[in-house]
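In: model this:
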Amino acid sequence: MKPYRIPQLAKPYTDYDMIQRHTELPPFSDGRGHLLYIFLGHGRSAGFQSGELFTLVTGLVQLGLDTHESIDRYHDEPGGDMMRSRQLKVLAGDYFSSWFYHLLAKHEQIEMVGILSTAIADFNVMKANLYGKMKGLLFTAEQYLKHTVQLNMRLFLSFTPMIEEPLRDSWEKLLVEFSQCETVTQELRRGADPVSALEGYCYWKVLESATEEERQLLGEQELDIRDWKKLKLRSKCDALLTDKLHASLESIQGLLQGIKDEELISELSAALDRLLLQMKISGQAAVEG
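Out: Next up, the predicted model:
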């Protein structure tokens, strides 16, 4: 199999000075994408070119969805840098997502347009249900994390029928763990301050044991960074997330030991090494050791 190069192939579609100067984009779904690329490469129904194309367009759609998700829905003051950032994220998300149709149609992969379109529709329904539970405060931190991991898997699960039957169980189990790793890494980063943490894992975890006064401050976003860190420490947010990260990494290593194909093991080990490297680049030193 040729080397994994999806992030490099995605750069012409994602690297624009205007976007990078005025807003911050969510990370590319590198771990899930690498996993998909490997398993498609070991199937009969997707050759190298198709596997690379399918992984690229799925990554671009996921980036578009994640970019829309990162839009601040609570600060809508007109004018200024924040408004510009919001507008750019709306446009960038639409732009990234639009490429899947263009690239698949160009390569006459019309059936895959329908498959991914269905997955996007399902994603949006799942997201709407998630927002409904958030609005009603019908959520625990663990439920939030479980739903978010499921959302982050949805597009990639579309390709399960294209994976060879003997490999599907390993594919699905590894996808869960890779998705959990990427989701938890993002939640650790997101929980660094009370503004970005809003409605994330740390927010829901803090809310579970918060006093009425603390709940009010959280809802009105009037907590300073020092008080937020105290609440996080009391709720053990970072420690719990780090434990989940270690557990998923151990599960991945255990799953690799159960695979008999030496070439597949080698490729998956490389994907795990790349995932660990991306976590370190993201500043998540907790995964070391």
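In: excluding its backbone neighbours, what's nearest Ile252?
Out: With sequence-adjacent residues excluded and distances taken as C-beta to C-beta, 6 or more residues apart in numbering, Ile252 is closest to Glu177, at 4.9 Å. Any C-beta I mention is one placed from the backbone N, CA and C, and that applies to glycine too.
In: that neighbour sits in which helix or strand?
Out: Taking DSSP states H and E as the definition, Glu177 sits inside helix 168-190.
In: Met279 too?
Out: Applying DSSP H and E, one finds Met279 within helix 262-281.
In: the inter-axis angle of that helix versus helix 168-190?
Out: 10 degrees (axes from the mean of the first three to the mean of the last three C-alpha atoms, to 10 degrees).
In: what helices or strands is helix 262-281 leaning on?
Out: On a contact count with 3 or more C-beta pairs under 8 Å, 6 or more residues apart in numbering; DSSP states H and E, helix 262-281 meets helix 30-41, helix 168-190, helix 237-257.
In: now do the contacts for the closest residue to Glu172 other than its chain neighbours.
Out: The spatial neighbour of Glu172 that comes closest, neighbours along the chain excluded (C-beta to C-beta, 6+ apart), is Thr160 at 6.7 Å. For Thr160, the contact set (C-beta atoms under 8 Å, 6 or more residues apart in numbering) comprises Arg168, Trp171, Glu172.
In: distance of Thr160 from Trp204?
Out: Remark: distance between Thr160 and Trp204 (C-beta to C-beta, to the nearest Å) = 30 Å.
In: is Pro3 in a helix, a strand, or coil?
Out: coil (DSSP: H, G, I helix; E, B strand; the rest coil).
In: and it, how far from Gly41?
Out: Where Gly41 is concerned, Pro3 sits at a distance of 11 Å (C-beta to C-beta).
In: these two touch, right, Val113 and Lys106?
Out: No: look at Val113 against Lys106 with C-beta atoms under 8 Å: they stay out of range, at 10.8 Å.
In: which of those two has more residues huddled nearby?
Out: Applying other C-beta atoms under 10 Å to Val113 and Lys106 shows that Val113 carries more neighbours, namely 16 against 9.
In: so who does the more buried one touch?
Out: Val113 is in contact with Phe100, Tyr101, Leu104, Ala105, counting by C-beta under 8 Å, 6+ apart.
In: which element is it on?
Out: Judged by DSSP H and E, Val113 forms part of helix 110-135.
In: any idea of the mean pLDDT in that helix?
Out: Helix 110-135 carries an average pLDDT of 92.
In: same check, this time on stretch 265-276
Out: Mean per-residue pLDDT for stretch 265-276: 96.
In: contacting residues around that stretch?
Out: For stretch 265-276, the external contacting residues (C-beta under 8 Å, 6+ apart) are 1, 4, 30-31, 34-35, 38, 41, 174, 178, 181-182, 249, 252-253, 256, 259, 287.
In: now stretch 18-36
Out: By C-beta under 8 Å, 6+ apart, the list of residues contacting stretch 18-36 reads 4, 6-7, 10, 14, 54-55, 58-59, 62-63, 66-67, 69-70, 81, 84-85, 88-89, 92, 152-153, 156, 159, 171, 174-175, 178-179, 181-182, 186, 268, 271, 274-275, 278, 282.
In: looking at the protein, which helix or strand is least sure?
Out: helix 17-22 (a mean of 72; mean pLDDT, DSSP states H and E).
In: export it to PDB, keeping only CA atoms.
Out: Output of helix 17-22 as PDB, limited to C-alpha atoms (Å, rounded to 0.1, in the frame of the first residue of the first chain):
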ATOM      1  CA  ASP A  17      -4.700  32.900   4.400                       C
ATOM      2  CA  MET A  18      -8.000  34.700   5.100                       C
ATOM      3  CA  ILE A  19      -9.300  31.800   7.100                       C
ATOM      4  CA  GLN A  20      -6.100  31.200   9.000                       C
ATOM      5  CA  ARG A  21      -5.600  34.900   9.800                       C
ATOM      6  CA  HIS A  22      -9.000  35.500  11.300                       C
END
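In: residues of it that come out buried?
Out: Using 16 or more other C-beta atoms under 10 Å as the test for burial, helix 17-22 gives Ile19.
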